[in-house]
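Trainee: Quick check, what structure comes out for this input:
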Amino acid sequence: MTTQSGILLIDKPEGPSSAQVVHQVKKSLGAKKVGHLGTLDPFASGLLLIGVNEGTKIADIFLGGIKSYSAVMTLGVETDTQDRTGTVVAEQAVPRIGTPELRALEKKFTGALQQVPPMFSALKKDGVRLYRLARQGKEVPREPRNIRIDALKLKKLNDCEIEFDVTCSRGTYVRTLAADMGKELGCGAHLKTLRRTACDHLAVDQAIDLETLKARAATHRLPFLSLSAALAQLRAVSWQSPLVARLRLGQQAVLGQIGKRLGDEEFVRILDARGGLAALAKWNDDIPGGHWRLSRVFHE
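Mentor: Alright, predicted model coming up:
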């Protein structure tokens with residue numbers, strides 16, 4: 001059983017659910033705690049971050065992070081799930097689409113947007129998952145949510161397919177984005193393929209596939225990413241052992257040494273004398289002027 005802690009970058013294939021990948025990783029490693037840091041739909045592939053032992057404590061950081069995807073949408077066909085796994089609910093003729101239409105679509109769907117979550121999602125309505133209601137043929141009103149598209153690039157593959165790369169905020173449904181762009185074009189659309197290429201600063205080209213993971217687990221040469229490296233997008237402060245020891249005893253007064261937040265940062269890494277991640281501090285506005293509060297303590 002591995003006692004190592006860290007993050008594994010897995011290139012998930014199409015087919016298995018994120019939970020099934022977690023199960024395979026846990027079985028291969030024999031680890032006590034294993035969890036994903038942001039789910040991928042079964043039909044999607046690409047970067048799946050797996051936290052092992054102490055690594056499971058940073059899931060909320062990546063759940064709220066920026067993510068990038070490469071996708072293909074099929075025009076003229078709408079499905080109930082907004083992707084290729086669903087049942088066709090409408091078909092329409094596809095208009096002529098050229099470069100001007102693509103650039104206009106990019107402009108319209110970049111920046112701050114509102115998006116209505118799909119019925120086939122894990123969101124809850126009165127305690128019931130929406131996808132459970134959808135499978136019963138029910139549809140309930142959903143409030144639009146604020147999302148942000150940081151970058152969108154469209155490329156026409158053929159008369160009925162458009163490839164696109166998108167970088168987006170937490171809560172963005174890429175299949176809903178495809179469906180909405182299809183509506184804007186007047187013909188409807190659904191998502192044909194989806195591949196996650198990055199989570200914050202971590203990219204899929206750093207990831208390994210499940211077969212490679214099994215082989216390396218057998219030889220105990222696992223490509224763990226340290227928690228500090230996984231959170232390299234967060235500002236770091238390095239403390240000597242006496243301060244770290246006080247923090248681990250729950251003495252939050254020492255967090256005043258971090259000083260004021262920089263910009264709109266939410267978290268700061270606190271490193272020990274060896275450069276390991278000792279704790280995360282989170283900015284809190286519950287008192288005038290704000291202050292840092294202890295969010296997580298780690299024992300890498």
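Trainee: what domains does the record give for this structure?
Mentor: In terms of domains, the chain is parsed into 6-64+201-227, 67-199, 234-297 (source: automatic domain parsing).
Trainee: could the ones you listed go into TSV alongside mean neighbour count?
Mentor: Where you see a C-beta, it was placed from the backbone N, CA and C, and this is true even at glycine. Converted to TSV, the domains of the chain look like this (neighbours: other C-beta atoms under 10 Å):
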stretch	mean neighbour count
domain 6-64+201-227	18
domain 67-199	17
domain 234-297	15
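Trainee: Do a quick rundown of the helices in this protein.
Mentor: 18-29, 59-63, 99-108, 130-135, 174-185, 210-218, 227-230, 241-248 (DSSP state H).
Trainee: Which of those helices has the lowest mean pLDDT?
Mentor: Lowest mean pLDDT of the helices of the chain: helix 130-135, a mean of 72.
Trainee: Show me how far the longest strand that the chain contains is from its chain's centre.
Mentor: Using DSSP state E, we find that the single longest strand of the chain is strand 145-158. Taking the mean of its C-alpha atoms, strand 145-158 sits 16 Å from the chain's own mean (C-alpha atoms, centre = their mean, to the nearest Å).
Trainee: List the pairing partners of that strand within its sheet, with orientation.
Mentor: Strand pairing for strand 145-158, using DSSP bridges, gives strand 111-115 (antiparallel), strand 161-168 (antiparallel).
Trainee: And the contacts of the shortest one?
Mentor: This means strand 111-115. 144-149, 171-173, 176-177, 180 (C-beta atoms under 8 Å, 6 or more residues apart in numbering).
Trainee: mind running it again at 6 Å?
Mentor: In this structure, residues lying in contact with strand 111-115 by C-beta atoms under 6 Å, 6 or more residues apart in numbering are 144-145, 147-148, 176.
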